[in-house]
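**Q** Output the structure for:
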Amino acid sequence: MNYFLFYKNKKWKKIIKEFDQLPQKKNRIGSVLVILFLILVMGNFGFAIYMLSQIDWSLYR
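**A** As a prediction, the model looks like this:
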């Protein structure tokens with residue numbers, strides 16, 4: 001995958017130019033969406049750990 005995207009025919013230069021030309025508003029919206037997604041994933045992980053701590057593990061020994 002890396003070979004076809006970045007090394008063959010220097011496609012990585014085109015990809016970098018596309019992202020550099022994005023408007024500031026679109027860039028900020030994308031950043032906010034990524035941050036919200038990361039918060040959601042970390043919150044879900046924390047909730048999973050909390051739910052695992054509620055299990056009475058002595059029943060499974």
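**Q** going forward, measure contacts between C-alpha atoms and count neighbours the same way
**A** Noted.
**Q** How about stretch 35-44, which residues are buried there?
**A** Using 16 or more other C-alpha atoms under 10 Å as the burial criterion, none of the residues of stretch 35-44 qualify.
**Q** gap between that stretch and the chain center?
**A** Taking C-alpha atoms, centre = their mean, to the nearest Å, one finds the center of stretch 35-44 at 9 Å from the center of the full chain.
**Q** and what of stretch 17-24?
**A** So, by C-alpha atoms, centre = their mean, the centroid of stretch 17-24 is 20 Å from its chain's centroid.
**Q** for stretch 50-61, same thing?
**A** Averaging C-alpha positions (C-alpha atoms, centre = their mean) puts stretch 50-61 30 Å from its chain's average.
**Q** repeat for stretch 20-38
**A** Taking C-alpha atoms, centre = their mean, one finds the center of stretch 20-38 at 12 Å from the center of the full chain.
**Q** Check what contacts it and list those residues.
**A** Residues from elsewhere that reach stretch 20-38, judged by C-alpha atoms under 8 Å, 6 or more residues apart in numbering: none at all.
**Q** Dump the C-alpha coordinates for that stretch into PDB.
**A** What follows is stretch 20-38, C-alpha atoms only, in PDB (Å, rounded to 0.1, in the frame of the first residue of the first chain):
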ATOM      1  CA  ASP A  20      -2.300  22.100   1.800                       C
ATOM      2  CA  GLN A  21      -5.000  23.700  -0.400                       C
ATOM      3  CA  LEU A  22      -7.900  22.900   1.900                       C
ATOM      4  CA  PRO A  23      -9.700  25.900   3.200                       C
ATOM      5  CA  GLN A  24      -9.100  26.900   6.900                       C
ATOM      6  CA  LYS A  25     -12.800  26.200   7.700                       C
ATOM      7  CA  LYS A  26     -12.800  22.700   6.300                       C
ATOM      8  CA  ASN A  27      -9.500  22.000   8.100                       C
ATOM      9  CA  ARG A  28     -10.900  23.100  11.500                       C
ATOM     10  CA  ILE A  29     -14.100  21.000  11.000                       C
ATOM     11  CA  GLY A  30     -12.000  18.000  10.200                       C
ATOM     12  CA  SER A  31      -9.800  18.600  13.300                       C
ATOM     13  CA  VAL A  32     -12.900  18.900  15.600                       C
ATOM     14  CA  LEU A  33     -14.400  15.700  14.200                       C
ATOM     15  CA  VAL A  34     -11.100  13.800  14.800                       C
ATOM     16  CA  ILE A  35     -10.900  15.200  18.400                       C
ATOM     17  CA  LEU A  36     -14.500  14.200  19.100                       C
ATOM     18  CA  PHE A  37     -13.900  10.800  17.700                       C
ATOM     19  CA  LEU A  38     -10.900  10.300  19.900                       C
END
